[in-house]
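In: A structural model of the following input is requested.
(chains A and B)
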Amino acid sequence: MPDQVLEIAGLNGWYGESHVLHGIDLKVAPGEVVTLIGRNGVGKTTTLRAIMGILAKREGTVKVFGAETISLPPERVARLGVGYVPEERGIFASLTVTENLMLPPVLAPGGTTLDEIYRLFPNLKERARSQGSKLSGGEQQMLAIARILRTGARFLLLDEPTEGLAPVIVQQIGVVLETIKSKGLTVLLVEQNFRFAANVADRHYVMESGKIVDMITKSEIAGKMERLEEYLGV
Amino acid sequence: MSAMALFGQLLLGLINGSFYAMLSLGLAIVFGLLGIVNAAQGAFYMLGAFFAWMLGQYLGIGYWPSLLLAPIGVALFGMLLERTIIKRVYNLDHLYGLLLTLGLFQIIQGLFVYWYGTSGQPYDNPPGLTGGHNLGFMFMPNYRAWVVVASLILCFGTWFAIEKTRLGAYLRAATENPTLVRSFGINVPLLVTLAFGGGVALAGVAGVLAAPIYQVNPLMGGNILITVFAVVVIGGFGSILGSIVTGLVLGVLEGFSKVFYPEASNMVIFAIMIVVLMAKPQGLFGRER
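Out: Residues are numbered from 1 along each chain as shown, chains lettered A, B, ... in the order given. Okay, the predicted model is just below:
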């Protein structure tokens, strides 16, 4: 395996004519949980979309497991072993919970089995036959994460997994992330809830105006709290 | 009125309904996945019939191989149009897709009128399906019975493939959120092209099936297209089951109207369409958008 799961250098991105990412540089090592933090609208979600190949106009270098992906479409990026959980969760309303779970093809061996998923998310087992549209926000988020775990993806891009969820559900998502980490998977997490992010992540990249402006490790958090609060507008 | 006449019209209605169902099913697949109101569907129906006729005329290939080869030819031609022309209007309003495919329809139909005229080319019933059976209450031509059975198998087979298989689940999911489905590692652009090919191949099969009944005529697609659009509107644009059921039922209703009030037979489907649009604009089987 290469030294880095993700290596981004000089990444620029545009929505139409609007230049939104201005030379992003970041690295994620195997087994790490790394967050992208920052205020609303600084380009965190756009960075994930650029990595995944969804942002149509992008330039720079994005290496995933050592392979250059800057010109690859999303399906080719996914087949490198990347799982993407979007902010809006992307649960298919016309499919049942089980159909949603089984929808993505298995990308690599070693994915979480259906039994393991149901042990990890008992709610999903109870709702197996429910339509996706009938699930609560928390259940949808669990389903979105579970769906990607089944594919055998080794690198997960999670966009705001705790957004709008009750504290008890956030706690559950935290447990799931710990489980993911213990399995040796690598995670790049976009998160507004810094308290949650601080507990689960090894390092934090801080974004402002489409740029990475700081990198803080878990051990440095206590000493840099004031600066962090300033970045996040707390 | 004799039972013979009534059942005769029922059969005629079922045959027309079979063609409505196959054509509108193809429209529903293409609209559901691509958001394109494919007005060229009538041209693909005509092409299916003409390809079968050409295979016989120029290469001596009979009905049964043509029933497979002609729709494949139609699908390949349709996929070429989708990749080169139709995909350019995916992100625009539905009206642009309708106008674009209407233009394609007119060009394809115009070319075949120029090449072959409008008098129609005869196409014989396939061997083994000539003649018919007297059922006592009606005379059942073998070929027409085959058309009804074949279209039912094809329509419900397509419904099963879309609603009950993994490939169908990909298609349905791609209809809702193509970007996310791509991020699962599924090649959605290829899936879209194949689905378009499948949708127009249905029209191609219908054309081959229709060839021995109606003759092969460049105007055959135009004649049926407006009615098929009405069927799709009544069933619900994009509804797979709606297209099949509505196509068959409206064909039968149209057939019966020819028995009870022939003057209304050309209008009955459009009258129903108007009522449905007023009462349930999304169609009988459609979801609200």
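In: Would you mind naming what in chain A lies close to chain B?
Out: Residues of chain A found near chain B, taking C-beta under 8 Å from any C-beta of the partner chain as the criterion, are A:52-54, A:73-75, A:77-79, A:84, A:86, A:90, A:92-95, A:99, A:102-105, A:107, A:151. (Glycine included, C-beta is placed from N, CA and C.)
In: so what's residue 96 up against?
Out: Since no chain was named, I'll use chain A. A:128, A:129, A:130, A:131, A:132 (C-beta atoms under 8 Å, 6 or more residues apart in numbering or on different chains).
In: Wait, chain B was what I had in mind.
Out: residue B:89.
In: Likewise for residue B:187?
Out: residue A:75.
In: Got the phi and psi for it?
Out: phi -80, psi 90 (degrees, to the nearest 10).
In: Contact partners for the nearest residue to residue B:11 once chain neighbours are set aside?
Out: Leaving aside its sequence neighbours, residue B:11 sits nearest to residue B:144 (C-beta to C-beta, 6 or more residues apart in numbering or on different chains; 6.2 Å). Residues near residue B:144 by C-beta under 8 Å, 6+ apart: B:11, B:15, B:132, B:213.
In: In a helix, residue B:144, correct?
Out: Yes. Under DSSP: H, G, I helix; E, B strand; the rest coil, residue B:144 sits within a helix.
In: about what we covered before: just the buried ones from the residues of chain A next to chain B?
Out: Neighbour-count burial (16 or more other C-beta atoms under 10 Å in any protein chain shown) applied to the residues of chain A next to chain B gives A:52-54, A:73-75, A:77-79, A:84, A:86, A:90, A:92, A:94-95, A:99, A:102-104, A:107, A:151.
In: Let's verify residue A:24: helix, strand, or coil?
Out: strand.
In: I figured it hits residue A:8, correct?
Out: Yes. Judged on C-beta atoms under 8 Å, residue A:24 makes contact with residue A:8 at a distance of 5.5 Å.
In: What ranges does the stretch 151-289 of chain B have for its helices?
Out: Secondary structure of the stretch 151-289 of chain B by DSSP state H, counting those that start in this stretch: the helices cover B:166-176, B:178-183, B:188-214, B:220-235, B:240-260, B:268-279.
In: Could you count how many residues lie near residue A:176?
Out: Neighbour count of residue A:176, defined by other C-beta atoms under 10 Å in any protein chain shown: 18.
In: Just to be sure, it is in a helix?
Out: Yes. Counting by three-state DSSP, residue A:176 is part of a helix.
In: Next one: it from residue A:121, what distance?
Out: Using C-beta to C-beta, to the nearest Å, residue A:176 is found at 8 Å from residue A:121.
In: and for those two, which residues touch both?
Out: Between them, residue A:176 and residue A:121 share the contacting residues residue A:142, judged by C-beta under 8 Å, 6+ apart.
In: How about the residues of chain B by chain A?
Out: Counting by C-beta under 8 Å from any C-beta, chain B sits next to chain A at B:166, B:169-170, B:172-173, B:176-177, B:179-189.
In: make it 6 Å
Out: Applying C-beta under 6 Å from any C-beta of the partner chain, we find that chain B lies next to chain A at B:169, B:172-173, B:176-177, B:179-180, B:182-187.
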